[in-house]
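1. sequence plus the predicted model coming up.
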Amino acid sequence: MSTAVYIESQGCQMNDYDVGRMVDVLASQAHCRRVERPEDADLLLLNTCSVREKAQEKVFSQLGRWRRLKEARSGVLIGVGGCVASQEGDEILRRAPFVDLVFGPQTLHRLPEMVARRRGGGGPQVDVSFPEIEKFDHLPMPRAEGPSAYVSVMEGCSKYCSFCVVPYTRGEEISRPVDDVLSEVRALAEQGVREVNLLGQNVNAYAGPLSDGDSADLGLLIEAVAGVPGIDRIRFTTSHPAEFGSGLVEAFREVPQLADFLHLPVQSGSDLILKLMKRGHDVATYEALIEEIRAARPSVVLATDLIVGFPGESEAEFEETMEMIDRVGFDGGAFSFIYSPRPGTPAADLADPVPAATKSAWLQRLQARILEQQRAAGEALVGTRQWVLIDGPSRRDPRELSGRTSGNRTVNFAGDPSWVGRFAEVEIAAAMAHSLRGRVVAVEGGVEPSAAGVGG
């Protein structure tokens, strides 16, 4: 008899990837099947993220709701994984003694045995260790769930930015061997995946071992992935400016499968704030790097991360950030937030005299400027033809299709469901704030759009 598992995930793309791997390992080793409602589950798993403000409190609020489900049905187990689990460890059991499993991002592959020990009469199971890259040796090959897939190529981060908990919750940087990454990409391609997104907390620090004892940087890995039959588009995230090497710049110049999109967090446009953040780069270095990348790939679309209200920031530093935004231009948008202290990080101890209302006003100004840049970039695409990978039904209208351009813009258009997983040439007809509207001109494989009643 199979076990019904419900998984709720918070946070980043790495967490989304980890959820997929949890499903894979539980299905292959513990006869689990995923369900869509917590009320139907025998095993409730919460995959947590510690980046956002009050992350721990949100976790315990959710656990409180799940406690009622456990009390209503005998045999229900509750597990907490992810970065909050790694950060809190046994403290989770102290505050929520009804929790059965606590596991970190590096130990999710041990879930089946943890569940078995708990069901076999053992006490609550806690494993938040950092067994380096071990988990990838114990996970089954992933199952594709569409034409796009994430592939984790490295774990951890060794940058220790003063505001960030990732090095403490996911450990130091360690890269998967090139052959292992390529085996996973080939397996996905055989299942119909056309686009892969190479993942890492600091992915451009990748230094994967080669079979000859040497190592490959991310640029070389991208070249190798581009050689896998069936893979026609490659993305990577998330990058750090301090380790964006020449090989990666050359990949933008030389590898046509590499998408016209780069997410490169800058965090601030003030050298003072960047120094307080311990980012390891200054504004001039960042801007020079962007110029180099754009020279290699003029069509690249740039996105970033920005923090406002960092301790020590004044109106002058904020204005420096606004000026940097104008100079650089983030046509791919920005993830922007008001700074909130993360327990255990150096920045949490810094004095922070700026009023919350000031920070909110700064964020609104910054987001408005970024949105202007995004809208202008979207409007510039009207009338152009874009090569779009068709992902599936549109979120706005399930009777239509949706896909992404190489520059990571969502496009909605009329089409036939049989086209999902194919590339199509789409003429952009209109631009909205966060998406585009298009008309299919041609579909990969010689399909005539007019045959489906969507041409002309």
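-> Sure thing, it's come through. Residues are numbered from 1 along each chain as shown.

2. so where's the stretch 51-200 of the chain shaky on pLDDT?
-> Low-confidence segments of the stretch 51-200 of the chain (pLDDT under 70): 51-55, 132-135, 138.

3. what ranges do the strands span in it?
-> 77-81, 101-103, 125-127, 148-152, 154-155, 174-175, 195-199 (DSSP state E, counting those that start in this stretch).

4. kindly reformat those strands as JSON lines containing distance to Gly230 and mean neighbour count.
-> C-beta: built from backbone N, CA, C; applies to glycine. What follows is the strands of the stretch 51-200 of the chain, written out as JSON lines (distance: least, CB to CB, whole Å; neighbours: other CB atoms under 10 Å):
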{"stretch": "strand 77-81", "distance to Gly230": "32", "mean neighbour count": "25"}
{"stretch": "strand 101-103", "distance to Gly230": "34", "mean neighbour count": "25"}
{"stretch": "strand 125-127", "distance to Gly230": "37", "mean neighbour count": "20"}
{"stretch": "strand 148-152", "distance to Gly230": "12", "mean neighbour count": "22"}
{"stretch": "strand 154-155", "distance to Gly230": "23", "mean neighbour count": "24"}
{"stretch": "strand 174-175", "distance to Gly230": "24", "mean neighbour count": "20"}
{"stretch": "strand 195-199", "distance to Gly230": "10", "mean neighbour count": "22"}
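
5. pipe the ones you listed into CSV and attach distance to Asp391 per row.
-> Conversion of the strands of the stretch 51-200 of the chain to CSV gives the following (distance: least, CB to CB, whole Å):
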stretch, distance to Asp391
strand 77-81, 27
strand 101-103, 31
strand 125-127, 35
strand 148-152, 6
strand 154-155, 26
strand 174-175, 29
strand 195-199, 9
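
6. distance between stretch 125-132 and the chain's centre?
-> 22 Å (CA atoms, centre = their mean, to the nearest Å).

7. do the same with stretch 148-166
-> Distance of stretch 148-166 from the chain centroid (CA atoms, centre = their mean) equals 10 Å.

8. repeat that for stretch 412-431.
-> A distance of 24 Å separates the centroid of the chain from that of stretch 412-431, by CA atoms, centre = their mean.

9. quick one, strands of the stretch 201-350 of the chain?
-> Here the stretch 201-350 of the chain has its strands, by DSSP E, counting those that start in this stretch, at 208-209, 215-216, 233-237, 261-263, 301-308, 334-338.

10. nearest to Gly438, out of those?
-> Nearest to Gly438 among these is strand 301-308; the distance by CB to CB comes to 16.5 Å.

11. switch the strands of the stretch 201-350 of the chain over to JSON lines; also include mean pLDDT.
-> Formatted as JSON lines, the strands of the stretch 201-350 of the chain follow (pLDDT from 0 to 100):
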{"stretch": "strand 208-209", "mean pLDDT": "94"}
{"stretch": "strand 215-216", "mean pLDDT": "96"}
{"stretch": "strand 233-237", "mean pLDDT": "97"}
{"stretch": "strand 261-263", "mean pLDDT": "98"}
{"stretch": "strand 301-308", "mean pLDDT": "98"}
{"stretch": "strand 334-338", "mean pLDDT": "95"}
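
12. of all those strands, which lies closest to Gly403?
-> strand 233-237 (10.9 Å).

13. for that closest one, packing partners?
-> Packing contacts for strand 233-237, counted by 3 or more CB pairs under 8 Å, 6 or more residues apart in numbering; DSSP states H and E, involve strand 195-199, helix 218-226.

14. just give me the neighbour total for Pro97.
-> Pro97 has 9 neighbouring residues, counting by other CB atoms under 10 Å.

15. which residue is the nearest non-sequential neighbour of it?
-> Spatial nearest neighbour of Pro97, chain neighbours left out: Pro124 (7.8 Å); criterion: CB to CB, 6 or more residues apart in numbering.

16. wait, what's in contact with that neighbour?
-> By CB atoms under 8 Å, 6 or more residues apart in numbering, the contact list for Pro124 reads Leu93, Pro97, Val99, Asp100, Leu101, Val102, Arg118.
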